[in-house]
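Engineer: Fold the following.
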Amino acid sequence: KANNPDARAEPSRFGYSNAGIVAEVGEGVNTVKPGDRVAAVGAGYALHTDYALIPHNLCFVLPDNVSFSNGSYAMLAATALHALRRGEPEFGEFTAVVGLGIVGQLSAMLYQLAGNFVIGWDTITHRRDIAKKWGSHDTVHVGSEDSANKTMAFTKGSGLDTAVVAFGGNANKAYTDLEKCFKLSPDTHRMGRIIVVGGATFDYSSGMTNLDIRRASRIGPGYHDEKWEVGPDYPSVFMRWTTRTNVDLCLRLISEQKLAVDTLTTHTIPFEHVAEGIADAIQTPETMLGVVFRMK
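Structural biologist: Numbers count the residues shown, from 1 in each chain. This is a model prediction of the structure:
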């Protein structure tokens, strides 16, 4: 609080993804029990704290071989999975992921699992190295390499089917470069799908007639429905993929080592030393990606 720009401000709660052990459950809860190892998700619920009160539909039992650290990626993994579902990939397509932060890395992993050929774009060498470590098909050093030419070569001239924009802020330059990479029909129209999973914004021309732009900034149906979060799940026969089924699938993929979330953790900081740990880590922000706060 001493370093807060507004010394009068009350400390704010933060965090949206954590993992730990169930201490107690409320009346009627049967999805988890005391002593279970769980991952929890949800802004305002899955806080970075010693104790958190979580709606039962946002709490998930961890597979035995998934650590708390890896389980804490559940929220962002499900965000990437929902983005993939919004993108409706087909086996064998070409995909570019622009921005290799955590969600971008997870999106690239999932698109590869879905049978796509994936190329990741980023300005930061360390992030591209992480993508290569877990097995990304290829990467582009944005700013040093010609993104459009390298991507078109990656697709063997066919052009992209999909792009995932996984960063925030002004994305006009990224969009301009991406547009050059999409499939071009004989009647001169670019074709494909752009999935915006971050907070990116960009302008597009009126001539962009066959490129679909889809936003995907949640973890699945149910999240933000307060009655669902604390009540019964949606019937799977009508809604196969919800927040629950998305997160459960992500945890299974982590358990089966098909989502290599352990490669994304660059810093593990004891919570009692969080101020010093963060101060040290931000000395080299280009080497930060997944930061895990450890309670004990």
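
Engineer: Which element, helix or strand, includes residue 176?
Structural biologist: helix 172-179 (DSSP states H and E).

Engineer: Just the CA trace of that helix, in CSV.
Structural biologist: Output of helix 172-179 as CSV, limited to C-alpha atoms (Å, rounded to 0.1, in the frame of the first residue of the first chain):
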residue,chain,number,x,y,z
ASN,A,172,-4.0,-2.0,-37.2
LYS,A,173,-0.5,-3.0,-38.3
ALA,A,174,-1.1,-6.6,-37.4
TYR,A,175,-4.4,-6.6,-39.2
THR,A,176,-2.9,-5.0,-42.3
ASP,A,177,-0.2,-7.7,-42.4
LEU,A,178,-2.6,-10.5,-41.7
GLU,A,179,-5.0,-9.5,-44.5
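
Engineer: switch to numbering from 876
Structural biologist: From this message on, residue numbering opens at 876, which makes the last subject helix 1047-1054.

Engineer: In the chain, what helix or strand scores lowest on average pLDDT?
Structural biologist: The weakest-scoring helix or strand in the chain, judged by mean pLDDT, DSSP states H and E, is helix 1149-1156 (a mean of 90).

Engineer: Sort out which residues of that one are buried, please.
Structural biologist: residue 1152 (16 or more other Cβ atoms under 10 Å). Glycine gets a C-beta too; all of them are placed from N, C-alpha and C.

Engineer: Just list what it packs against, helices and strands only.
Structural biologist: If contacts are counted by 3 or more Cβ pairs under 8 Å, 6 or more residues apart in numbering; DSSP states H and E, helix 1149-1156 sits against strand 1140-1145, strand 1165-1169.

Engineer: so of those strands, which one's packed in deepest?
Structural biologist: strand 1165-1169 (a mean of 18; mean count of other Cβ atoms under 10 Å).

Engineer: Just checking: what are the partner strands of it?
Structural biologist: Counting by DSSP bridges, the strands paired with strand 1165-1169 are strand 1140-1145 (parallel).

Engineer: List of residues touching the strand it pairs with?
Structural biologist: 944, 1001, 1152-1153, 1156, 1162-1169 (Cβ atoms under 8 Å, 6 or more residues apart in numbering).

Engineer: which of those residues are the two that sit furthest away from each other?
Structural biologist: Between any two of these, the greatest separation by Cβ to Cβ is 22.0 Å, found for 1001 and 1169.
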